[in-house]
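A.B. asks: Based on what follows, work out the 3D shape:
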Amino acid sequence: MTDTSWSQPHHDGSATYVPEPNPALGGMVDVFLRVPRTSDVTSAWVRVINDGEPELVQASVDRQDETDTWLRARLPVVSPVVSYHFLLDGGAQGYQWLNGAGLHSRDVADAADFRLSTYAPPPPWATSTMYQIFPDRFAKAVDRPAPT
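C.D. replies: Numbering: from 1, shown residues only. Below is the predicted model:
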C-alpha cells in the first residue's frame, strides 16, 4: 500500500496551515493550502459561510518550492465560528472539494468543514487527561444508595 497523501492537496488546523487559530471577530484570517506541483489543481477557492450565506474567496499563490505550491486565502471573520472548505479547479471532473474528511469529486455538506473559532482557547491544563473521582462509590461509611 502506498501513501498518496503527499501527492494530494492538503490543509489541516495546524499552525503551518492556519497561523492564527483564534482570530479576532471582525478581522481577517489567512489559511494556507499545500498543492503538490505534480497534481492537476490549477487554482483554488475557499467556500466560507458568512452570516449563514456561502461566499467564495479566491486563493492566490503565496510561495513555491521544488515540490509544492502554497496558496493563501484571507477569510473574513464575521461569525464567532468560521466554517470553510476548498473548491479546487482540476481533477477527473474538472473540480474537486477538500474538507476535513478529505478530497471529494462532488459537492459536500458543511458537516466536515474546517472551522476556526474566535473564542479563547482552553487553558493548557484542560487539554490533558483528567479524571473525576467519586469517593462515595468505593469507601462508604454507611450503606446507602449511591447518589444519582
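A.B. asks: helices and strands around the least confident helix or strand in the chain by mean pLDDT, which ones?
C.D. replies: The weakest-scoring helix or strand in the chain, judged by mean pLDDT, DSSP states H and E, is strand 102-104 (a mean of 89). Judged by 3 or more CB pairs under 8 Å, 6 or more residues apart in numbering; DSSP states H and E, the packing partners of strand 102-104 are strand 95-99. C-beta: built from backbone N, CA, C; applies to glycine.
A.B. asks: ok, what's across the strand from residue 115?
C.D. replies: Residue 115 has the following beta-bridge partners by DSSP bridges: residue 83.
A.B. asks: quick one: residue 69 and residue 116, what's the gap?
C.D. replies: In this view, residue 69 and residue 116 are 23 Å apart by CB to CB, to the nearest Å.
A.B. asks: Compare the two (neighbour count), which wins?
C.D. replies: residue 116 (21 against 18; other CB atoms under 10 Å).
A.B. asks: Tell me, how many residues neighbour the residue nearest to that one when sequence neighbours are not counted?
C.D. replies: Leaving aside its sequence neighbours, residue 116 sits nearest to residue 82 (CB to CB, 6 or more residues apart in numbering; 4.3 Å). Taking other CB under 10 Å as the neighbour definition, residue 82 ends up with a count of 22.
A.B. asks: dump the residue contacts of residue 82.
C.D. replies: 23, 29, 48, 49, 75, 115, 116, 117, 118 (CB atoms under 8 Å, 6 or more residues apart in numbering).
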